[in-house]
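**Q** 3D, please:
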Amino acid sequence: MGKPTPVAVVTGASSGIGAASAKALAEAGFDVVLGARRLDRLQEVADSVGGLALELDVTDQSSVDAFTDAVERCDLLVNNAGGAVGSEAILEAKDEDWQWMYETNVMGTLRVTRALLPKLLESGDGQVINIGSVAGREPYATGGGYNAAKHAVAALTRVLRLEMFGQPIRVCEIDPGLVQTEFSLVRFRGDQEKADAVYQGTNPLTPEDVAETVSWVATRPPHVNVDQILLLARDQTSARVIHRSE
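**A** Reported below is the predicted structural model:
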């Protein structure tokens, strides 16, 4: 009997980095299970990569339970579900925005990881790749809620790495900078003009750039653990230092 095809689970896979990662991993030889809330869009992505689409809301424990129960095998988990909402200073911060960001980025990562860890261990060569952010390394004004959430994801990722020491699981955090996705549209509550301005005059990363990095990490030999990657466009040197053409 040959070795079974490895299975990759990707959350937040209906668009952007998640969708691109599902495609890249399928091309790398993984069977892919895709999870997201927008099932119609998710199914389109799944159909395009020959994967399995399962509805998933990482902020809802019952949804996570149903999703992970349906995953029969897991060799790789890509925790991509997350996002930001709002750009208010601390003085005007809205509790509900901060709570949503914490639930989506931190608790969502915790819930899915905790549920799939037994299957990852059972695989004999499991991997967890958490999609963090430059915001988890460098705080910036008007980014407090997202900064706090992504710093927490970074801490969670490091703790998991320490706790899995001696176990057949590798753990990686990939921290992208500016990536042209729906991220800013969500952050600015659907304001397309504000979202477009974030990328104006610069050459940001694409979802495919991040996905290629995910695939590269996922296909390293079993003894190689890539702990952290900070991935920036050439036009960006830190969270708020971005070169823009005139």
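**Q** Please make it C-alpha for all contacts and neighbour counts, starting now.
**A** Will do.
**Q** which stretches of the chain have low pLDDT?
**A** When residues are selected by pLDDT under 70, those of the chain lie in 1, 246.
**Q** which residues in it form strands?
**A** 7-11, 31-36, 52-55, 76-79, 126-131, 169-176, 228-231, 236-238, 241-242 (DSSP state E).
**Q** Turn these into TSV, columns for distance to Trp216 and mean neighbour count.
**A** TSV is the format used below for the strands of the chain (distance: least, CA to CA, whole Å; neighbours: other CA atoms under 10 Å):
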stretch	distance to Trp216	mean neighbour count
strand 7-11	14	27
strand 31-36	16	26
strand 52-55	22	20
strand 76-79	13	26
strand 126-131	11	25
strand 169-176	11	24
strand 228-231	11	17
strand 236-238	22	16
strand 241-242	26	14
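**Q** Dump those into CSV; add distance to Arg158 as well.
**A** Supplementary listing: those in CSV, determined by distance: least, CA to CA, whole Å:
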stretch, distance to Arg158
strand 7-11, 20
strand 31-36, 24
strand 52-55, 28
strand 76-79, 14
strand 126-131, 10
strand 169-176, 8
strand 228-231, 9
strand 236-238, 22
strand 241-242, 26
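**Q** What residues sit buried inside the top helix by length along the chain?
**A** In the chain, taking DSSP state H as the definition, the longest helix is helix 144-163. The neighbour-count check on helix 144-163 (16 or more other CA atoms under 10 Å) flags 144-154, 156-158, 160-161 as buried.
**Q** just stretch 104-114 next, same as before
**A** So, applying 16+ other CA under 10 Å, buried residues of stretch 104-114: 104-113.
**Q** Ok, stretch 173-188 next?
**A** 173-188.
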